[in-house]
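Asks: fold the following for me, if possible:
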Amino acid sequence: MSKKAKLLTLLSLSTLIIFACTLPSEEARENDPNIVFTAAAQTAAVQLTEVARANNAPTQEAGNTAPTLSPPTLIPPTSALPTLTPTEDLCNKADFITDVTVPDETVFSPGENFTKTWRVKNIGACPWTSDYDLVFVSGDQMSGASPKAMLGTVAPGDTVDISVNLTAPTESGNYVSSWQIRNNKNVLFAKIYVQIKVQSGPFAVTSVKLYAPNGGIAADITASGKGKVEYHWIIRENGQSDITTAVEEITYSGAGEKTVSTTFTCPHSGNFTAYIYIDEPNHQEFGSASFTCP
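Replies: Purely as a prediction, here's the structure:
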């Protein structure tokens, strides 16, 4: 064989060997007849597969949309507020010492007048001056004057007697009248009180104040309750017989005071004395009031 023939034979064998190595095996061809794909075709297939999966995902119905949960709002802890302690008034302070008059549960007749006196001590840092008052604050005022000015000056550490004129209520029962001192800035302190009982007995005239104004005679008659009072006047002159008037009457709707009066014509000049006699209910003479006839 010539050299040229040998060379052609060798090239042909080499070509067959290379071609045999690039062909797939028989088993691979049977399992996947489409095994020969380019890299680009394989990439496209992967992308198509992902799109198909997205299209095949189950779609939730609009009516069953899951609620959107908002995160809870966090409330910061509230810090404790400081407790405010009221400032004590060291300027105006008082200490009750005793009841000078009318201790608790004192019994009075309806409409009876009395004077209540308390003794208190100034334990503050400021003096009590005439700008300070005693004022009624609660209960039954019992006709007491309010405000009632303090008299003089009470220095810190001193004691003072504070009085107020009162009148017992006209109905039976238990009564309390509360009072306080008021400073020059209208601040109240030192609460004090009077507590009494009112008991009505048989209807009666309890007191009579007689006086003789110019040209007449008058009397303030206080009765214990509801009822009728009959009375007459008596005029006396030394060494002479009594001059009396006709019986008159007044009616009370409750305990209290009424004023009656009369005129008197002098029979002659001289000194005279007037009295009033309560025919009913007392059968008692009250008086007197003196006057002079010219």
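
Asks: how about stretch 96-107: buried residues?
Replies: Going by neighbour count (16 or more other Cβ atoms under 10 Å), the buried part of stretch 96-107 is 99, 102. For every residue, glycine as well, the C-beta is placed using N, CA and C.

Asks: that stretch: end-to-end distance?
Replies: One end of stretch 96-107 sits 22 Å from the other (Cα to Cα, to the nearest Å).

Asks: what of stretch 179-189?
Replies: 9 Å.

Asks: just stretch 133-153 next, same as before
Replies: 12 Å.

Asks: swap in stretch 194-213?
Replies: With Cα to Cα, one end of stretch 194-213 sits 37 Å from the other.

Asks: now it: average pLDDT?
Replies: Throughout stretch 194-213, pLDDT has a mean value of 89.

Asks: for it, what is the distance to the chain centroid?
Replies: In terms of Cα atoms, centre = their mean, to the nearest Å, the centre of stretch 194-213 is set 38 Å apart from its chain centre.

Asks: before we move on, what about stretch 250-270?
Replies: The answer for stretch 250-270 is 50 Å, by Cα atoms, centre = their mean.

Asks: now stretch 154-164
Replies: Worked out by Cα atoms, centre = their mean, stretch 154-164 lies 30 Å from the chain centre.

Asks: so how many other residues sit close to the nearest residue to residue 223 once chain neighbours are set aside?
Replies: With sequence-adjacent residues excluded and distances taken as Cβ to Cβ, 6 or more residues apart in numbering, residue 223 is closest to residue 252, at 4.6 Å. When neighbours are counted by other Cβ atoms under 10 Å, residue 252 registers 21.

Asks: ok, now which ones touch residue 252?
Replies: 223, 225-229, 258 (Cβ atoms under 8 Å, 6 or more residues apart in numbering).

Asks: residue 169 versus the residue lying closest to residue 227 once chain neighbours are set aside, what's the distance?
Replies: Using Cβ to Cβ, 6+ apart and skipping residues adjacent in sequence, the residue nearest residue 227 is residue 203, 3.7 Å away. In this view, residue 203 and residue 169 are 17 Å apart by Cβ to Cβ, to the nearest Å.

Asks: ok, residue 291 next?
Replies: As judged by Cβ to Cβ, residue 291 and residue 169 stand 36 Å apart.

Asks: of these two, give the one with the bigger neighbour count.
Replies: Comparing residue 291 with residue 169 by neighbour count (other Cβ under 10 Å), the higher total belongs to residue 169, at 21 against 18.

Asks: isn't that one right up against residue 197?
Replies: No: judged on Cβ atoms under 8 Å, residue 169 makes no contact with residue 197 at a distance of 10.5 Å.

Asks: intersection of neighbour lists for those two?
Replies: The contact lists of residue 169 and residue 197 share residue 175, where a contact means Cβ under 8 Å, 6+ apart.
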